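Trainee: Give me a 3D structure for the following:
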Amino acid sequence: SNPPTIQKMVVIARRLLLQSMICVQHFVLASYSKSNPVKDLYLYLPTSNSNLVVNSRRSIMEHTTKKQKVATNASNGFNAVTDVDNAADLTQNTVPILPRDCKTLLLDIEGCTTAISFVHDVLFPFAKNNVEKYLDEIDKKDWDAIADALAGDISKLDEKHPSRQEIASKKNLSEMDVKEKIVAHVHALMNHDVKATGLKDLQGKIWKAGYASGELKGHIYDDFKPMLDWCKDQGISVNIYSSGSVGAQKLLFGHSTAGDLCEYIQSNFDTKVGGKKEAESYKNIAKELGLEPKEICFVSDAEPELVAAREAGIGFPVMSVRAGNKPLTDVGREFPIIYSLLQLCGSGK
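Mentor: Residues are numbered from 1 along each chain as shown. Modelled structure (predicted):
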């Protein structure tokens, strides 16, 4: 044998491998599009610029988008300034390449496991409209602690922040009783989408009462439960990091539309480990999990969060695209993109 012959054989082998992988992906996507449960869905293509790979990526995404009805009237984006329509992001023809060996997932909630509209249009209004009702149902001696926590949230904001200015504009604030002050502070913070620890703790308690009464049921996407089952089978740790309090997270997943899912989740993190746009927060989470940041796959719909995670050394930051999420910019497209949590699932041990 001579070198040219060997090189030719290698080229042929590579082409055969690519073709076999493409056939498998078409089979999986065809099965998935018929709503059949696909436990081992794993969308993987080698890094290559060859026409074979590019055309395969395009045909795969065309196949999936033809089978889906993409909403053109996307709901208000929680982290968007105005009404958003990110339907174009759902028709991108790039199939992401995700890690085979990652054993630790860190997931955002809004726009990832749960529709942003649920948080924005259901949970937030429920908390805001039921403050007085909740206060009437608890011991009055607990009111002062709640009021102090909310006042602390306001004091940490810049003097020109609209929430702080709204409180300052209330000339009769000193004449209000504790209950009225609590309501005023909650409204001032929520009117301007402030994510603060005292507010989140109170919201969590109000939601707990709503879940207990059956007035609330936690929304999750249909692909979340199958992903959790796969992770459990494969020994993959699933963890949650959200701006909502840990208590609120457990309430949502404990009273979800698919039942109690808390047993699937190893750890929950909120802003007590730091803000989600701060790199140090992800280092703190890795430390608490006993891991190096590079061992973690973090999935979020928020570009600043993924940028911060990457800065912290998170090994696999991944962008989640769902209907109603904030439209992607060039920054978001720097990350691997998934349209379903099932794309995180591998082929098994």
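Trainee: need the helices for the stretch 201-349 of the chain, in chain order.
Mentor: 224-234, 246-254, 279-289, 303-312 (DSSP state H, counting those that start in this stretch).
Trainee: Kindly reformat those helices as JSON lines containing mean pLDDT, distance to Leu328 and mean neighbour count.
Mentor: Where C-beta positions appear, they are placed from N, C-alpha and C, glycine not excepted. Shown next, in JSON lines, are the helices of the stretch 201-349 of the chain (pLDDT from 0 to 100; distance: least, CB to CB, whole Å; neighbours: other CB atoms under 10 Å):
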{"stretch": "helix 224-234", "mean pLDDT": "92", "distance to Leu328": "21", "mean neighbour count": "18"}
{"stretch": "helix 246-254", "mean pLDDT": "91", "distance to Leu328": "25", "mean neighbour count": "22"}
{"stretch": "helix 279-289", "mean pLDDT": "98", "distance to Leu328": "21", "mean neighbour count": "18"}
{"stretch": "helix 303-312", "mean pLDDT": "97", "distance to Leu328": "8", "mean neighbour count": "21"}
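Trainee: out of these, which comes closest to Met190?
Mentor: Among the helices of the stretch 201-349 of the chain, the nearest to Met190 by CB to CB is helix 246-254 (13.9 Å).
Trainee: Kindly format the C-alpha coordinates of the closest one as CSV.
Mentor: Presented in CSV, the C-alpha positions along helix 246-254 are these (Å, rounded to 0.1, in the frame of the first residue of the first chain):
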residue,chain,number,x,y,z
VAL,A,246,-35.3,28.8,46.1
GLY,A,247,-38.7,28.5,47.8
ALA,A,248,-40.5,29.8,44.7
GLN,A,249,-38.6,27.4,42.5
LYS,A,250,-39.5,24.4,44.6
LEU,A,251,-43.1,25.5,44.6
LEU,A,252,-43.2,25.8,40.8
PHE,A,253,-41.7,22.3,40.2
GLY,A,254,-43.4,20.8,43.2
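Trainee: In terms of secondary structure, what does that helix contact?
Mentor: Under the contact criterion of 3 or more CB pairs under 8 Å, 6 or more residues apart in numbering; DSSP states H and E, helix 246-254 touches helix 197-213, strand 267-269.
Trainee: ok, and what's touching it?
Mentor: 109, 114, 123, 200-201, 203-205, 207-208, 211, 218, 220, 240, 242, 244, 260-262, 265, 268-270, 272 (CB atoms under 8 Å, 6 or more residues apart in numbering).
Trainee: Counting neighbours, which of those end up buried?
Mentor: By neighbour count, with 16 or more other CB atoms under 10 Å, the contacts of helix 246-254 hold 109, 114, 123, 200-201, 203-205, 207-208, 211, 218, 220, 240, 242, 244, 261, 265, 268-270 as buried.
Trainee: shaky segments in the stretch 101-250 of the chain?
Mentor: 101 (pLDDT under 70).
Trainee: for Asp260, what are its contacts?
Mentor: Phe253, Gly254.
Trainee: Backbone torsions only: list them for the residue nearest to Lys294 when sequence neighbours are not counted.
Mentor: Nearest non-adjacent residue to Lys294, counting by CB to CB, 6 or more residues apart in numbering: Gly315, 3.8 Å away. Dihedral pair for Gly315: phi -70, psi -30, per degrees, to the nearest 10.
Trainee: likewise Gly313?
Mentor: phi 100, psi 10.
Trainee: heads up, I number from 13, so please use that
Mentor: Understood, numbering begins at 13; the last thing we discussed is Gly325.
Trainee: wait, it sits on Lys295?
Mentor: Yes: applying CB atoms under 8 Å as the test, Gly325 and Lys295 come out as touching, 7.4 Å apart.
Trainee: Common neighbours of these two, please.
Mentor: Joint contacts of Gly325 and Lys295 (CB under 8 Å, 6+ apart) are Pro305.
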